[in-house]
Structures are given as structure tokens and as C-alpha cells.
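Trainee: Fold the following for me, if possible:
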Amino acid sequence: MKRFKIFFLVIFLLSLTTSMVFAENQTWADRNFNFSGIQNVYMEEPTYSDDIDEEITQRLLCDAFYDGSSKVKNGNFFTARDIKSKLLRYKLVDLDAITDESERDQVWQDAIKEFSDVWIKETIQEYWIDKVWKDPYYYTTTEYRDYSYWVDGKKYEVKVPETVEHYVEGKYLYIAHIRVKFEVFTTADNTLIYSYVDYREAEKDLIDMYKRIVKDFYAGFGKKIK
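Mentor: From the prediction side, this is the model:
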């Protein structure tokens, strides 16, 4: 019985000290599509929410999105730079040298279709920090003190329960909020075949939360194309 009391006490204390955490996600996949036939994947640069206006932050998020694909065992993942390199190497076409905008766009779309089977569109919909006040509070725990006493010249030792009151000061919590949507389309006709939406809020670093979301997306999508 004492073990159970200690166990529940630990759980209670953890509940008092654990940071605020919330997460939800939703995955959809086209059941009629043959994911095993996917070999080449184009990763379009993410679309950023209005909260992300610093170029260095955009670069960090974009690099994390590209780097996440390295964990997928099957399939070849390409960035825009990779596609441009393939155009130059196999078609002898320098995309940046094409001055006509409509022609350049057409060459680019044709290249994506030729060098990839599907493409990933990522939209970072929310990316912000909320300042929340947490009121001070009291809580009590039961602690056991050693107590000694003598009876007829013999010493006895027992543990006596004692209620101890604790006070936790109020403080501000900085809660990070992030929502990311991933959509995978076929390059042949832009048909949506897979989507993953992940929303999280926690007292943690935004970049780290984003990297975990990216990791979970690639883990799920990677299982489909194995």
C-alpha cells in the first residue's frame, strides 16, 4: 500500500511541475494511389505565415524541412537547386538565363514533371508565442519523519507522517504555438494523394517543435512509399 501512495505522490508532483503541452494531428492518404511506385520527390520551399518575416528564421525552417527527408530510407528527395542542376546537366538548360517569365515557368514545370513523381507543399500556418500568467498556488504532501522513543530501557524507531505545505510563486509561461500542413501532389496532374496537419502548443522552443513535426511527417509519409 505504501508503494502505491509513493507512486501517486510522484505523479502528483510531476503534474505540478510539467509544462503546458498540447498536440493534435490529422493524416489522410488516397487509398487508391500506389505509393510504392514513388521514387522521386520534389520538396517545394515552405510557405510561411505572416508571423515569420525574418529571413534567417525562414532559412532555418526551410533547411530543417529539407534535412528531414534524409531520414526516409526509400525515395530520392530533391530541392529546387537539385532540379536546376538536373536541367543544366541533362538538358543543358540554364533556368536562370531564361529572361521570358512565361517560358521560364513552363520549363520549370516541365522539369518538375520529368525529374519527380510527386511534390510536397508545406504551409506553416501558425508560428507564434503567447505570454500566459500562471497564478501562485499551494499544495500539500505527506512526508515521513524518523521518531525515536524508549520503553523500559529499549529504544524504538518509527516513521511518523507529517503534512507539509508548499507554495509555488506565480510566473509567466511563454507558450509556443505552431501549426504546419503538408500536402503531397502528383506531378503529372497535381492530384492530392497525401496530407498531414500537425498543431502543437507547449512551453518549448519553436524551432525544436517544428523539427519534431517535420520528423513525424516524414516518418508517416516514408512508411507509405516503402
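Trainee: Quick check: which element contains Thr57?
Mentor: When secondary structure is defined by DSSP states H and E, Thr57 falls within helix 55-68.
Trainee: per-domain residue ranges of this protein.
Mentor: When the chain is parsed into structural domains using automatic domain parsing, the resulting residue ranges are 26-127+177-224, 133-168.
Trainee: I'd like these laid out as CSV, including mean pLDDT.
Mentor: Converted to CSV, the domains of the chain look like this (pLDDT from 0 to 100):
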stretch, mean pLDDT
domain 26-127+177-224, 94
domain 133-168, 89
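Trainee: contacting residues around the helix holding Thr57?
Mentor: 43, 45-46, 48, 52, 77, 79, 122, 124, 207, 210-211, 214-215, 217-218 (C-beta atoms under 8 Å, 6 or more residues apart in numbering). Heads up, the C-betas are built off the backbone N, CA and C, glycines and all.
Trainee: how far does that helix sit from the chain's center?
Mentor: Mean C-alpha position of helix 55-68 versus that of the full chain (C-alpha atoms, centre = their mean, to the nearest Å) differs by 13 Å.
Trainee: hmm, back to that, mind putting the domains of the chain in TSV, mean neighbour count included?
Mentor: As requested, the domains of the chain are arranged in TSV below (neighbours: other C-beta atoms under 10 Å):
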stretch	mean neighbour count
domain 26-127+177-224	16
domain 133-168	9
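Trainee: for the chain, longest helix please?
Mentor: Counting by DSSP state H, the longest helix found in the chain is helix 206-224.
Trainee: Tell me what angle the helix or strand where Ile193 lies forms with helix 206-224.
Mentor: Of the helices and strands defined by DSSP H and E, Ile193 is found in strand 192-202. For strand 192-202 and helix 206-224, the angle between their directions (axes from the mean of the first three to the mean of the last three C-alpha atoms, to 10 degrees) works out to 150 degrees.
Trainee: Adjacent strands (with direction) for strand 192-202?
Mentor: Taking DSSP bridges as the criterion, strand 192-202 pairs within the sheet with strand 21-29 (antiparallel), strand 171-186 (antiparallel).
Trainee: Please work out which residues outside it touch it.
Mentor: When contacts are taken as C-beta under 8 Å, 6+ apart, the neighbours of strand 192-202 outside the stretch itself are 19-30, 33, 35, 118, 126, 130, 175-186, 209, 212-213, 216-217, 220-221, 224.
Trainee: show me the contacts for the nearest residue to Ser148 once chain neighbours are set aside.
Mentor: Distances taken as C-beta to C-beta, 6 or more residues apart in numbering place Glu157 nearest to Ser148, at 5.0 Å, with adjacent residues excluded. With contacts taken as C-beta under 8 Å, 6+ apart, Glu157 has the following neighbours: 146-148.
Trainee: try Lys181
Mentor: Applying C-beta under 8 Å, 6+ apart to Lys181 gives the contacts 122-123, 125, 195-197.
Trainee: any chance of those in TSV, plus distance to Asp110?
Mentor: Converted to TSV, the contacts of Lys181 look like this (distance: C-beta to C-beta, whole Å):
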residue	distance to Asp110
Glu122	23
Thr123	25
Gln125	30
Ser195	25
Tyr196	28
Val197	30
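Trainee: Sort out which one of the residues you listed lies nearest Lys86 for me.
Mentor: The shortest distance between Lys86 and any of the contacts of Lys181, using C-beta to C-beta, involves Glu122 and amounts to 21.4 Å.
Trainee: residue contacts, the closest one?
Mentor: 43-44, 46-47, 65, 180-183 are the contacts of Glu122 under C-beta under 8 Å, 6+ apart.
Trainee: Mind doing that once more with 10 Å?
Mentor: Neighbour list for Glu122: 43-48, 61-62, 65, 180-184, 196, 213-214, 217 [criterion: C-beta atoms under 10 Å, 6 or more residues apart in numbering].
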